[in-house]
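[1] Sequence plus the predicted model coming up.
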Amino acid sequence: MKTNSIQTSRRFAWLPVAIILLALVPKAQAHVVPGEAGGFESGFHHPWSGLDHICAMVAVGLWGAQLGGRAMWLLPVVFPLVMSVGGFLGLIGVPLPGQEIGIALSALLLGTMVCLEVKPKKLIWPAILVGVFGFYHGHAHGVELPPGESGLLYSIGFVIATGTLHLCGITIGLLHRWAAGRMTIRAAGAAILICGVYFLWAAVQPDANKSAPAKVKSSAVAPANLCRYV
Amino acid sequence: MSERIYKRTILVAACLTFFLCPARADAHLVTTGLGPVYDGIVHFFLSPGDALAALALALLAGLRGPAAGRRTLFILPVAWLAGGLAGLTMMGWTPLPEEIVGSLSFLLLGILVATDISLPTAVMAALAALLGGAHGFFNGLGVHEAGTGRGVLELFGVAVTLFVLVALVSALAVTAKPMWARIAVRVIGSWIGASGLLWTGWVLHGLK
């Protein structure tokens, strides 16, 4: 009995220490340096905040896995690089017409490629297709970048998140080695295709076009953008 | 005008542009409270701009083989230290904003790693000297602005950490013989290049 009570008292020995520590909570002195940690976090969060972006980036990974060989890594390398070109142009204020339609088409066409397991003979065609859509996505991100953040950390977080989405697609695409897995991937492609149809429908709504001013702020207000916050 | 003279004229014009566009120095070394050498040692853990540039160069050197890796291992820290000492004596004067230099070095090195381009060892050495000199210069300016009076020790800490970082990363890249490992290195390079281009756009847009 006595042994038990000693064990119990030892087990809860941390409790008074914890209470003292909690009771002596000083005023917070630590501050996140403005635009530092926030920059990385918001950059990392940005690609995950839109279903249209997620669909396209995962589709790139899935298609790369279906194509196999060099395509598995070439497409995910091409996408961030071209996307950053689009982001660069968006940041310096170069307008891009039909931005929402381009993004919607990216999900639609890439979903179609995955669904039908299209395998072009030359790798240049998938690279071009992925590159064009990467450009659209990058431009949309470029015009949406919030002010007051650390540009460096935001960019790093943004690119890492994009790459992570591709890796998710590639990892799912590894199911391709099994017959059931191939069907699953094609079903995922069909789901992305359906999402793309919805994005396209939303992008061509009159309100979307009306709310898209000349200075490419369309993605912040277009109906297709609503699904980014689902 | 012969091609040689034309090239020299371009080089002189580029150098003049570089040195006639001064901007205020914004680089700072973080103070740890553990002394100047440790301030320098933790620099790469707290400054992603410098750390990623050094990482990209180390990866590039590793991809180019042991000879390039060995040269980079010694040239980069020495150039960084020399650039830092130059920055210490410049009294806050800087030819270009740090963000421009940082973002362009990200972009250049990232693309070189992603494309796995074959560079002569001499070019690798020149790249190491240029990158080390430029980034070290801004470190030196930051140390000068902090006014600790022990800037040389801080820069020494930076150079020592850089030596270790380059040794580990380039050795890792040299041993990346399987195809997937080499691809992984190239993917990291593409991410660094993409970050550099976005950062360049950010800087040009005036956001920071």
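    Done, it's in. Every value quoted in this text rests on a predicted model; they were computed, and no experiment measured them.

[2] Run a quick neighbour tally on A:Val17.
    9 (other CB atoms under 10 Å in any protein chain shown). For glycine as for every other residue, the C-beta is placed from the backbone atoms N, C-alpha and C.

[3] what do you get for B:Thr89?
    B:Thr89 is flanked by 11 other residues according to other CB under 10 Å.

[4] and it, how far is that from A:Gly43?
    B:Thr89 sits at a distance of 36 Å from A:Gly43 (criterion: CB to CB, to the nearest Å).

[5] With B:His144 instead?
    31 Å.

[6] Have a look at these two and say which one is more surrounded.
    Ranked by neighbour count (other CB under 10 Å), B:His144 and A:Gly43 place A:Gly43 first, with 28 against 20.

[7] How about the more buried one, nearest residue that isn't a chain neighbour?
    Of all residues not flanking A:Gly43 in the chain, A:Gly157 sits nearest, at 3.0 Å (CB to CB, 6 or more residues apart in numbering or on different chains).

[8] Am I right that that neighbour is in a strand?
    No: according to DSSP: H, G, I helix; E, B strand; the rest coil, the state of A:Gly157 is helix, so it is not within a strand.

[9] contacting residues for it?
    Contacts for A:Gly157 (CB atoms under 8 Å, 6 or more residues apart in numbering or on different chains) come out as A:Gly39, A:Phe40, A:Glu41, A:Ser42, A:Gly43, A:Phe44, A:His45, A:His46.

[10] got it, and A:Leu89?
    With CB under 8 Å, 6+ apart, A:Leu89 has these contacts: A:Leu96, A:His139, A:Gly142, B:Gly201.

[11] quick one: which of the contacts of A:Gly157 is nearest to A:Ala65?
    Checking these against A:Ala65 by CB to CB gives A:Phe44 as the nearest, at 23.5 Å.

[12] what about the closest one, how many neighbours?
    19.

[13] Please report the distance of it from A:Val159.
    9 Å.

[14] Same check on A:Leu105?
    As judged by CB to CB, A:Leu105 and A:Val159 stand 23 Å apart.

[15] And for B:Thr115?
    Taking CB to CB, one finds B:Thr115 at 17 Å from A:Val159.

[16] Looking at the two, which is more packed in?
    The residue with more neighbours, out of B:Thr115 and A:Val159, is A:Val159; 29 against 14, by other CB under 10 Å.

[17] Double-check that one against A:Ser84; I have them as touching.
    Yes: with contacts counted by CB atoms under 8 Å, A:Val159 reaches A:Ser84, the gap being 7.1 Å.

[18] Next, show the common contact partners of those two.
    Contacts common to A:Val159 and A:Ser84, judged by CB under 8 Å, 6+ apart, are B:Ala194, B:Ser195, B:Leu198.

[19] If we check chain A, which of the residues you listed are in contact?
    Counting by CB under 8 Å from any CB of the partner chain, B:Ala194, B:Ser195, B:Leu198 from those sit close to chain A.

[20] Can you tell me the element the second one falls in?
    Assigning secondary structure by DSSP states H and E places B:Ser195 in helix B:179-205.

[21] That helix - contacts with which helices or strands?
    Where contact means 3 or more CB pairs under 8 Å, 6 or more residues apart in numbering or on different chains; DSSP states H and E, helix B:179-205 is packed against helix A:70-91, helix A:151-173, helix B:48-63, helix B:98-115.

[22] Can you give me the distance of the most centrally placed residue in chain B to B:Phe156?
    With distances taken as CA atoms, centre = their mean, chain B has B:Leu131 as the residue nearest its mean C-alpha position (3.7 Å). Between B:Leu131 and B:Phe156 the distance, using CB to CB, works out to 19 Å.

[23] likewise B:Phe44?
    14 Å.

[24] One more: B:Val37?
    Distance, B:Val37 to B:Phe156, using CB to CB: 6 Å.

[25] what residues does chain A put near chain B?
    A:35, A:73, A:76-77, A:80-81, A:83-85, A:87-93, A:142, A:145, A:147-156, A:158-160, A:162-163.

[26] What is the three-state secondary structure of A:Gly93?
    coil.

[27] What about it? Give its phi and psi, please.
    Phi and psi for A:Gly93, reported as degrees, to the nearest 10, are phi 90, psi 20.

[28] what's the angle from the helix holding B:Ser195 to helix A:151-173?
    On the basis of axes from the mean of the first three to the mean of the last three CA atoms, to 10 degrees, helix B:179-205 is oriented at 150 degrees to helix A:151-173.
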